[in-house]
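Engineer: this one's structure only:
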């Protein structure tokens, strides 16, 4: 069995199905082509959080467009276990990044910020937090 765990892993926000071409988002395409230096016919791992994890072949029909074509399911979606909620008071930006990353890595299923009397940071950038969750999952 090949070493699939060495392949780059991406979260795809579309349902995955063997043989169906999935267009990668601009940031993912940049990462695959320019950072990882992968090209036509190279392979990556993709997952969607619903259908499991697949090995996908990369196709590049255009200069900026990159497609991932799942061809082999290597791991089914695990059955949902108990939910793990993390309730936290927002903290400074750099520490909040670490908190979100580690919580996801440890299996937190829901992150819930609460404002307390002594909360310093009262603004939460939801888009940034969502991007951090996806990055930790990958």
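Structural biologist: Looks like it arrived, so ask away. For clarity, every value in this text was computed on a predicted model and none was experimentally measured.

Engineer: hey, let's count contacts and neighbours off CA atoms from now on
Structural biologist: Fine.

Engineer: In the longest strand along the chain, which residues are buried?
Structural biologist: Secondary structure of the chain per DSSP state E: the longest strand is strand 67-75. For strand 67-75, a neighbour-count test (16 or more other Cα atoms under 10 Å) marks 67, 68, 69, 70, 71, 73 as buried.

Engineer: What is the subsequent helix or strand relative to that strand?
Structural biologist: Counting by DSSP states H and E, the next helix or strand C-terminal to strand 67-75 is strand 85-88.

Engineer: from the middle of its chain, how far away would that next one be?
Structural biologist: Counting by Cα atoms, centre = their mean, to the nearest Å, strand 85-88 is centred 20 Å from the centre of its parent chain.

Engineer: Identify each buried residue in that strand, please.
Structural biologist: residue 86.

Engineer: so where do the helices sit in the chain?
Structural biologist: 26-30, 93-105, 126-137 (DSSP state H).

Engineer: so where's the protein shaky on pLDDT?
Structural biologist: Residues of the chain meeting the criterion pLDDT under 70: 1-2, 122.

Engineer: picking up where we left off before, okay, the buried residues of strand 67-75 in JSON lines with distance to residue 112 next?
Structural biologist: Compiled in JSON lines, these are given as follows (distance: Cα to Cα, whole Å):
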{"residue": "67", "distance to residue 112": "35"}
{"residue": "68", "distance to residue 112": "33"}
{"residue": "69", "distance to residue 112": "35"}
{"residue": "70", "distance to residue 112": "34"}
{"residue": "71", "distance to residue 112": "37"}
{"residue": "73", "distance to residue 112": "33"}
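
Engineer: If we only consider the residues you listed, which is nearest to residue 45?
Structural biologist: The nearest member of the buried residues of strand 67-75 to residue 45, counting by Cα to Cα, is residue 70 at 8.4 Å.

Engineer: I'd like to know how far the residue lying closest to the closest one once chain neighbours are set aside sits from residue 71.
Structural biologist: Closest residue to residue 70 apart from its sequence neighbours, by Cα to Cα, 6 or more residues apart in numbering: residue 56 at 3.8 Å. Separation of residue 56 from residue 71 (Cα to Cα, to the nearest Å): 6 Å.
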